[in-house]
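Asker: would you be able to build a 3D model of this:
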Amino acid sequence: MTRGILWTGLAGLLFAVLLPHRVSVRPGLLSTRGLLTTDTVRTDSLVSVHWSDGVAQRLVLRDSPGSRVEIDPAVLAGNPAMWHLFDADSRTSIERGTLRHGTTALRQLAQRIDRETAHTVFKVSDLR
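Answerer: From the prediction side, this is the model:
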């Protein structure tokens with residue numbers, strides 16, 4: 001009986017740790033929802049964008065009200081509609097002058113996504 005409870009607890013803990021965050025993008029907003037928390041950042045008033053340190057590369061976004069979100073850049077790379085909304089709003093932040101730190105990180109992300117998109121097009125077209 002005790003062993004069963006222990007294994008069930010361990011399985012629940014493993015599930016909570018490995019459960020990926022769900023990312024949603026709407027005009028002006030990017031939200032991540034985890035098991036217990038939801039974080040939202042205004043993408044049209046970003047203040048900084050930078051890469052996090054560590055093995056798993058994450059994009060850290062901060063907006064002018066002070067909210068902070070970390071996302072896996074593969075989520076944006078894998079969803080063109082999501083990337084388009086995020087890219088348009090980040091350009092709005094640049095035009096408004098709120099984005100003071102992070103244009104290099106955004107440029108690197110855009111290049112990565114363009115490279116992956118071109119690779120996919122060549123692969124599907126049998127040009128590679």
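
Asker: tell me what the spatially most central residue of the chain is bridged to.
Answerer: Central residue of the chain (C-alpha atoms, centre = their mean): I71, 2.8 Å from the mean position. When assigned by DSSP bridges, I71 has beta-bridge partners L59.

Asker: where does this structure have its least confident helix or strand?
Answerer: For the chain, using mean pLDDT, DSSP states H and E, the weakest element among its helices and strands is helix 2-18, scoring a mean of 84.

Asker: C-alpha coordinates for the top helix by length along the chain, PDB please?
Answerer: Longest helix in the chain by number of residues (criterion: DSSP state H): helix 103-124. Extracted C-alpha coordinates of helix 103-124, given in PDB (Å, rounded to 0.1, in the frame of the first residue of the first chain):
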ATOM      1  CA  THR A 103      16.800  43.900 -30.800                       C
ATOM      2  CA  THR A 104      19.700  41.500 -31.400                       C
ATOM      3  CA  ALA A 105      17.900  38.600 -29.700                       C
ATOM      4  CA  LEU A 106      14.800  39.300 -31.900                       C
ATOM      5  CA  ARG A 107      17.000  39.400 -35.000                       C
ATOM      6  CA  GLN A 108      18.700  36.100 -34.100                       C
ATOM      7  CA  LEU A 109      15.300  34.500 -33.500                       C
ATOM      8  CA  ALA A 110      14.000  35.800 -36.800                       C
ATOM      9  CA  GLN A 111      17.000  34.500 -38.600                       C
ATOM     10  CA  ARG A 112      16.600  31.100 -36.900                       C
ATOM     11  CA  ILE A 113      13.000  30.900 -37.900                       C
ATOM     12  CA  ASP A 114      13.700  32.000 -41.500                       C
ATOM     13  CA  ARG A 115      16.500  29.400 -41.700                       C
ATOM     14  CA  GLU A 116      14.200  26.600 -40.400                       C
ATOM     15  CA  THR A 117      11.400  27.700 -42.700                       C
ATOM     16  CA  ALA A 118      13.700  27.600 -45.800                       C
ATOM     17  CA  HIS A 119      15.000  24.200 -44.800                       C
ATOM     18  CA  THR A 120      11.400  22.900 -44.500                       C
ATOM     19  CA  VAL A 121      10.500  24.300 -47.900                       C
ATOM     20  CA  PHE A 122      13.500  22.800 -49.500                       C
ATOM     21  CA  LYS A 123      12.900  19.400 -47.800                       C
ATOM     22  CA  VAL A 124       9.200  19.300 -48.900                       C
END
